[in-house]
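A.B. asks: next one to model:
(2 chains)
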Amino acid sequence: MAETESYPPIDPTNFDLIVVGTGLPESIIAAAASAAGKTVLHLDHNPFYGSHYSSLTLQDLTSFLRSHSEIPKINPPQSDDTTTLDVNPRPLYSDVEISSYDDSLEEHSRKFNLDLAGPRVLFCADSAVNLLLKSSANQYVEFKNIDASYIGDGNGNLMNVPDSKSAVFKDKTMKYSEKNQLNSFFKLVQGHLEAVKSVDVAVDDEKIISDEDLESPFVVFLDKMKLPPKIKSIILYAIAMVDYDQDAGESCKDILKTKDGIDRLALYHSSVGRFPNALGALIYPIYGQGELPQAFCRRAAVKGCLYVLRMPVISVHLNKDNGNYKGVKLVSGQELTSDKLVMDPSFTITSSNSPSNVSKLARGICITNSALKPDISSCLVIYPPRSLYPDQATSIRVLQLGSSLAVSPSGKFVFYISVVCDNALEGKKSLQAAIDDLFSLHSDESESKELKPTLLWSALYIQDLIEGSVGPVVMTPTPDGNLNYNDLLDATSKLFKKLYPDDEFFPETSNTDSSDKLEDDSEVVLDS
Amino acid sequence: MHGRPRKSATPVDENASALKAAKIRSLQTQFLQNHHNNIYTKEALELNAKLLEINPEFMTAWNYRKLAFEHNISSQSEVEKADSDHVKSIIDEELRVVENALRKNFKSYGAWDHRKWVVSKGNSSTERELKLLNLFQKQDTRNFHAWNYRRFIAGLKNISDEKELQFTTDMINDNFSNYSAWHNRSVLLTHLLEKKVEGYFPKEIFLTEEYEFVRNAVFTDPDDQSGWFYHLWLLDQTVKVDMPIMVSSWPPCGSDINLPIANKVTFPIVLYFNETVKGLNSHTVTVETESDVSKDITWSPLSTNKFGCGQAWVRHLSIPHEELNSSKTYEVKIRSEDSQGITSLSGVPCSQPWSFAFRVSVCHDLQPDEGKSFGRITFTDESFCTIDTSLKSIQLFKSYFEVTKSDDEHPTSSKWKLEMIASEIAQYQELLTWAECKIGKLTLARLLMAHDAMMSTGTSITHAEEVLELYSELMKLDPSHYQYYKNEHSLVLLKQMTSCIESLLKYCWQYKESNSLNITGSICLRLNSLSLSRIGSFERLLWVQSLDLSHNQLHSIEGLEALQLLSCLNLSHNKLASFTALEPLRFLKSLKVLNVSHNEIGAHTVDTRRYLCSSPMSHTLSYDPNFEEFANGDDAKLVNFWEAYSIFGGLNLMQLDIVGNVVVDERFVLFLFKLLPQLKWLDGEELH
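C.D. replies: Reported below is the predicted structural model:
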């Protein structure tokens, strides 16, 4: 048992909380619990931080996807003791398809920091940024602006998303009338938000959008405002980041209400200009998304949380009398006890029935040798529903990142694509349609495709979407299909409330050392 | 900074400000002591710096620093003089003090001014100034002090206008709601235009680009005024005629005029320009005629200002009495001799030479019966009948409507202008179909008028109805600027009415009975009850002798002085609020009949409603010392009528109606009797 020897013993053996997996929700819970004064042990069976939220080298990513897509051999129960439940891996990924058209990439494998859960960005004014500031985790991570945002028409053309007054002004493709309509709508929303905030209700009453309108579907409201399809599409899919085709009527799975649409617009607009060095609304962490869980882990460690990587948990012990959770057994054989247990969704414990009909998400990672537009190192591309093929039911988002974000060697660009889907076939079809529109294949010699970046490598995979749950143990959610972290953070803070109803989710710290970090630097330093 | 709400002071704030005041007071006392005793030591300067840091608005403190600076530079020792760092350190200290003051209030005039003063002494890095500016202009992009200073530094550093233009483009791209940036753009482009820099000449190319650039702003947010202001500047650059032109005259070119016989036959020659000009004299404009016609001294401007300039200029010719019986015809030729000498107010010369001729003869059949009593002239409808179009006198004013095709020097340029304006009109007409926008309507009205002005070479005004409609809407939409729209509306209406002879004839009436005052006929131009608040289009009206403007809303009759032939004028039932508003009448030497009844003269002690008076100091109307003599011995209250004295005193009025004004009382009537002994009728009563 030489292997077992290498696992170090953990001391002490009793904790308030044991967290398994270092994905973002787990890391935040660990940091929040530590900040609330709990004793926390944070374990991960991987040799790296981040679990499904990590950023990996080319090689590591490939092997991670492969290993997490295999149907695991379920070990026969070690004992028939009902108080001991085996922990088994759950494959989150399926239909993994990795294609390489350029062998030289392997040499640079370590220069890549590829996100497992891309594309994902932060809005400067969103709750992830607020949480980073509130928890002081912001000091461990730096961001850069996403340079541009485009909407694809499906014919290889990318148009700027006119997302603010000045962007509308600068836009070269819109008609003058469209400029007026779009900015008028921005002003209408702004007027509404200001009127709602205003103390003096009577004055601004007429600017407030009626409750009836607020409860109606956003798309109906946009129609009522007589916005043409092009403008509607920009607002819905490129600013409010809606997934499903809102014009599909009854068959649409998720209709956005006007009030939520307005909130999303407000989030977008308050993001523009929140930080002096961030010109647009979106930012991305340098070295990849995996920096975020690490930042929270470091925050937790500062507050006394104990970290052990490469340490699988093999079983969970329940209390004989009431069936409540009691402790875990590690692969080293050591048994630990704690009041609570949080686990990441890549595991199942035998007693829990894994839900059979889970939602799916198609993700793709592509590497190319050039950017979509010269001089634009990072950008977001949105394909609204029906833009790539007639029955495209959801919008497809693509995020291009370059070496300035330290996610790729210089001269190489990484693209993340995601789309929510009902099944692998549909998801893959969407990914492929976007890839065909954006890139040319290495083998493709035709002159006309010269302007498109050449695809060097791609990984397409389907990820299960599992929500967080509270049972004897708390299970955290898998990365969702959104562009930002808002829903994940909501879910995480709810889980924390379930765990510790009496504790605050990161207490407000009095330390507000908002020293002026106004430096002439393109890096965005988050600052409250 | 813009967009920050004001907060009311809390008791804590008030306490703090009381403490601050005490501190300032003590510092101020010490500082003033230093200042009076010319103490410029290091300690004294530090004290001053402290004071300025708290109160950067204290000009005396800045002036003291300038004195100290010069004192310390001039009194440095030989060793210090040799050390260039010493001067630099003094300058750096000044810049530091300014910077601290600007941190406190970056809109402090004194601080910016002091910085300019120091930097202009040389020896300091303009690079650093640009860096500082970038910081300030980032924090408040619209701060006009910073923009001002930027122009100063750009001039000092010889930064090219193109580079600065790019800076304004960047700033506007960032946020186009920035009047300072648009303004600087217009300043820079004016420079580039003047210097005819490559790429900016001919101006059509860049103007087209600028129209497109600013269109993005006004379409994106029509409620944002900054872009509209820039558009106004562009429109002005497009339509402005680069030089003054003589547009009209009395007598008109090629006309034959008959003068009635009198003791002395004198007649005016009026030249009317498209803008205010200066420099008319016997050298620049010559009058050629037979030797026996005497020409009085020189051209004089018809203007109520005293700067020797005017849009209309007059000169009188008289035919000697001994010639009167002959039926001789006099040929008169007027020619611009040195057209370079006639310039616009900005100094642009009138480079196109011009000349015209007319004939004068003395007319016997219209000889007035000297003995006949002067019958009262009324303006009631009953006095008039429709005009007989065969009248000889109509021929006279017809010449004002003959197409005077101007020889355009740059046909392509004018074609481009017309197309540019036409395309702008189409754009803004579209904008207004979905956006309710006041300034958009105003711009459209101005564009339409500009278009018509370019089109019409005297024919017709095609867009007048649309423009009138726009101004009417604006009067309702934007009541706070009602008077401006009303005035514009009036001017357009007059333009429309005078656009062609057919339309003008509708307003021309004929006296049923001829009377002694109708010199060249018996036509009266009746512009009554049209709701006019201003009058214009004088270039088409120089022939008018009898004018009815009653029942309008006139606040001003500015410009009326150009109508030198005017002998009967009805201004009753208007809103004229003071005698100063009647000032143009002083120039109307032929005026015999005047009706100013039912106005508001005397209702306002201070004349606030007079149209366009740049400064009371610029007016020719001033206290006439002769008035003392005139008023002497009479009721001391007559003193209040000195304005009326100045205006009516020089006129030879025979009929006056002034009833229905606040100023009129028994004493005023007595005053009038004394002032106007020749008066035959006053307020409808015959005087004996």
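A.B. asks: could you count how many residues lie near residue B:483?
C.D. replies: Residues within reach of residue B:483, counting by other CB atoms under 10 Å in any protein chain shown, total 16. To be clear about C-beta, it is placed using only N, CA and C from the backbone, and glycine gets the same treatment.
A.B. asks: ok, and what's touching the helix or strand encompassing it?
C.D. replies: Residue B:483 is part of helix B:482-497 when elements are defined by DSSP states H and E. When contacts are defined by CB atoms under 8 Å, 6 or more residues apart in numbering or on different chains, helix B:482-497 is touched by residues B:442, B:445, B:449, B:461, B:464-465, B:467-468, B:471-472, B:474-475, B:478, B:503-504, B:506-507, B:527, B:530-537, B:553, B:555, B:611.
A.B. asks: skipping adjacent residues, who's closest to residue 61 in space?
C.D. replies: Just so you know, I chose chain A. residue A:114 (4.7 Å; CB to CB, 6 or more residues apart in numbering or on different chains).
A.B. asks: let's do chain B instead
C.D. replies: residue B:52 (5.2 Å).
A.B. asks: same question, residue A:493
C.D. replies: residue A:505 (4.9 Å).
A.B. asks: that neighbour contacts residue A:498, doesn't it?
C.D. replies: No: here residue A:505 does not reach residue A:498: they are 11.3 Å apart, not a contact under CB atoms under 8 Å.
A.B. asks: now chain B against chain A: closest residue?
C.D. replies: In chain B, the residue that lies nearest chain A is residue B:219 (4.1 Å; CB to the nearest CB).
A.B. asks: how about the contacts made by that residue?
C.D. replies: Residue B:219 touches A:176-177, A:179-180, B:431, counting by CB under 8 Å, 6+ apart.
A.B. asks: looking at these, which are in strands?
C.D. replies: Using DSSP state E, no member of the contacts of residue B:219 falls in strands.
A.B. asks: residue B:144: neighbour count?
C.D. replies: By other CB under 10 Å, neighbour count at residue B:144 equals 13.
A.B. asks: is it fair to say residue A:341 lies in a strand?
C.D. replies: Yes: per DSSP: H, G, I helix; E, B strand; the rest coil, residue A:341 lies within a strand segment.
A.B. asks: thinking it is in contact with residue A:326, fair?
C.D. replies: No: between residue A:341 and residue A:326 there is no contact under CB under 8 Å: 9.2 Å.
A.B. asks: neighbour count winner among those two?
C.D. replies: residue A:341 (25 against 19).
A.B. asks: tell me the bridge partners for that one.
C.D. replies: Applying DSSP bridges to residue A:341 yields these beta-bridge partners: residue A:18.
A.B. asks: check contacts around it.
C.D. replies: A:17-20, A:316, A:325, A:328, A:472-474.
A.B. asks: what parts of chain A come near chain B?
C.D. replies: For chain A, the residues in contact with chain B (CB under 8 Å from any CB of the partner chain) are A:165-166, A:168-171, A:176-177, A:179-181, A:183-184, A:187.
A.B. asks: again, only using 6 Å
C.D. replies: Applying CB under 6 Å from any CB of the partner chain, one finds that chain A approaches chain B through A:166, A:168-170, A:176, A:179-180, A:183.
A.B. asks: may I ask which two of those are separated the most?
C.D. replies: Maximum pairwise distance among the residues of chain A next to chain B (CB to CB): 16.0 Å, between A:166 and A:176.
A.B. asks: between these two, which one's more packed in?
C.D. replies: residue A:166 (20 against 16).
A.B. asks: double-check that that one belongs to a strand.
C.D. replies: No: Residue A:166: not assigned to a strand; according to three-state DSSP it is helix.
A.B. asks: that one: what's it in contact with?
C.D. replies: Going by CB atoms under 6 Å, 6 or more residues apart in numbering or on different chains, residue A:166 touches B:174-175.
A.B. asks: and if we set it to 7 Å?
C.D. replies: B:173-176 (CB atoms under 7 Å, 6 or more residues apart in numbering or on different chains).
A.B. asks: which one (most neighbours) among those?
C.D. replies: residue B:176 (25 neighbours).
A.B. asks: helix/strand/coil for that residue?
C.D. replies: coil.
A.B. asks: spatially central residue for chain A, please.
C.D. replies: Nearest to the mean C-alpha position of chain A, counting by CA atoms, centre = their mean, stands residue A:120 at 4.4 Å.
A.B. asks: run through the stretch 51-200 of chain A and note the low-pLDDT ranges.
C.D. replies: A:72-82, A:199-200 (pLDDT under 70).
A.B. asks: residue contacts, the one residue in it that gets nearest to chain B?
C.D. replies: Per CB to the nearest CB, residue A:176 is where the stretch 51-200 of chain A lies closest to chain B, at 4.1 Å. Shown in contact with residue A:176 (CB under 7 Å, 6+ apart): B:215, B:219, B:427.
A.B. asks: count of residues packed around the residue nearest to residue A:61?
C.D. replies: 27.
A.B. asks: what's the answer for residue B:50, then?
C.D. replies: Neighbour tally, residue B:50, other CB under 10 Å: 17.
A.B. asks: helix or strand: which one has residue B:468?
C.D. replies: Per DSSP H and E: helix B:464-477 holds residue B:468.
A.B. asks: give the buried residues for that helix.
C.D. replies: B:464, B:466-468, B:470-471, B:473-475 (16 or more other CB atoms under 10 Å in any protein chain shown).
A.B. asks: residue A:119 is in contact with residue A:146, correct?
C.D. replies: No: Residue A:146 is not in contact with residue A:119 according to CB atoms under 7 Å; the separation is 10.1 Å.
A.B. asks: check the stretch 251-400 of chain A for the residue nearest chain B and tell me.
C.D. replies: Chain B sits closest to residue A:276 of the stretch 251-400 of chain A, with a gap of 8.1 Å, by CB to the nearest CB.
A.B. asks: quick check, pLDDT for that residue.
C.D. replies: For residue A:276, the model assigns a pLDDT of 78.
A.B. asks: and if you look at residue B:73?
C.D. replies: 83.
A.B. asks: likewise residue B:462?
C.D. replies: 81.
A.B. asks: SS state for the closest residue to it other than its chain neighbours?
C.D. replies: Spatial nearest neighbour of residue B:462, chain neighbours left out: residue B:452 (6.1 Å); criterion: CB to CB, 6+ apart. Judged by three-state DSSP, the three-state class of residue B:452 is helix.
A.B. asks: I figured residue B:452 hits residue B:463, correct?
C.D. replies: Yes: with contacts counted by CB under 7 Å, residue B:452 reaches residue B:463, the gap being 5.3 Å.
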